[in-house]
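*Asks:* sequence isn't available, so here's the structure alone:
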């Protein structure tokens, strides 16, 4: 026998199932897309379209755990993230931006650890953070060395002509006269020019001397002519805002901050340890006094 509902609304059960099924699939479709986007955004780096979503999700998580004062642990993980992102984009135009983000994260994590109230929990977090910073510092040092080796600035080779003198010998001309034949070489002697005197006539005589042989050889002459020889020179081109030199400087600044943070955390933990030690001593002294008082009362 059919129920009253079935009699009033034929097929109502199937209709309700279909409605719930549609709602379920609609919710899944509505939630699955953001979920996929969030998962993909976790691997994004500066410059990617989803990187802003990644940062917003991190801020949302920090705001949520702030109620339980659990931010420090997440901040340490975020420091490791900023380091991995910087390594991936260091050679790109987002290298400086990634190093600035890492610098800021190092400072934020230090503040979060400071705000932890539980001494033992703070000590464990500080130890974990120091180990993370040492690892980050070592990785940055290796990257900085690579940047220095590849050249902090671009070197462009140019060719500047340099003039170097080169000796070029001219053809040699030799004149040889057969020595078997008598030859005569005319050697001029000083010639006295006539000078007119009023009463005494003057006779000018020119003499010649016979020589048995003569060989005339024209000596070669060397003419120096300039020859242009190219000489390579180098020109240094100034670095831009995202060059290796600028990024290496950012790495150095971050390393200095890391060293400062490590030193500061160690000093704070040492002070806290001394305070805890003094507190324990005072507690032991008070306990000892109570025991002594109890013994005195029992003796009486």
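*Replies:* Thanks, I have the structure now. Model, not experiment: these values are computed from the prediction.
*Asks:* just give me the longest helix of this structure.
*Replies:* helix 244-299 (DSSP state H).
*Asks:* packing partners for that helix?
*Replies:* When contacts are defined as 3 or more CB pairs under 8 Å, 6 or more residues apart in numbering; DSSP states H and E, helix 244-299 packs onto helix 95-114, helix 119-150. Glycine gets a C-beta too; all of them are placed from N, C-alpha and C.
*Asks:* can you point out the buried residues in the shortest one?
*Replies:* Same thing as helix 95-114. 95-103, 105-106, 109-110, 112-113 (16 or more other CB atoms under 10 Å).
*Asks:* and that helix, what does it pack onto?
*Replies:* helix 71-89, helix 119-150, helix 244-299.
*Asks:* where does pLDDT dip in the stretch 1-150 of the chain?
*Replies:* Applying pLDDT under 70 to the stretch 1-150 of the chain picks out residues 1-13, 28-31, 33-34, 38.
*Asks:* the longest helix of the chain to helix 71-89, inter-axis angle?
*Replies:* Counting by axes from the mean of the first three to the mean of the last three CA atoms, to 10 degrees, helix 244-299 lies at 160 degrees to helix 71-89.
*Asks:* so the protein: which segments form each domain?
*Replies:* 42-153+239-299, 158-237 (automatic domain parsing).
*Asks:* tell me how far the ends of the longest one are from each other?
*Replies:* Read that as domain 42-153+239-299. Using CA to CA, to the nearest Å, the end-to-end distance of domain 42-153+239-299 comes out at 72 Å.
*Asks:* list the buried residues of stretch 287-300.
*Replies:* Buried residues in stretch 287-300, counting neighbours by 16+ other CB under 10 Å, are absent.
*Asks:* about what we covered before: relative to helix 95-114, how tilted is the longest helix of the chain?
*Replies:* On the basis of the same axes, to 10 degrees, helix 244-299 is oriented at 10 degrees to helix 95-114.
*Asks:* mean confidence for helix 244-299?
*Replies:* For helix 244-299, mean pLDDT rounds to 86.
*Asks:* how big is the angle separating that helix from helix 119-150?
*Replies:* With the same axes, to 10 degrees applied, the angle from helix 244-299 to helix 119-150 works out at 160 degrees.
*Asks:* so residue 43 sits in a strand?
*Replies:* No. Counting by DSSP: H, G, I helix; E, B strand; the rest coil, residue 43 is not part of a strand but coil.
*Asks:* what is the neighbour count of it?
*Replies:* By the measure other CB atoms under 10 Å, the count of residues near residue 43 is 13.
*Asks:* what's the closest of the buried residues of helix 95-114 to residue 76?
*Replies:* residue 109 (5.8 Å; CB to CB).
*Asks:* quick one: contacts for the residue nearest to that closest one when sequence neighbours are not counted?
*Replies:* Using CB to CB, 6 or more residues apart in numbering and skipping the chain neighbours, the partner closest in space to residue 109 is residue 75 (4.0 Å). By CB atoms under 8 Å, 6 or more residues apart in numbering, the contact set of residue 75 is 62, 105, 108, 109, 112, 113.
*Asks:* where's the closest residue to the third one other than its chain neighbours relative to residue 66, distance?
*Replies:* To tie it back to what came earlier, the one meant is residue 108. Of all residues not flanking residue 108 in the chain, residue 75 sits nearest, at 6.0 Å (CB to CB, 6+ apart). Residue 75 sits 11 Å away from residue 66, going by CB to CB, to the nearest Å.
*Asks:* do residue 100 as well
*Replies:* Between residue 100 and residue 66 the distance is 24 Å, computed by CB to CB.
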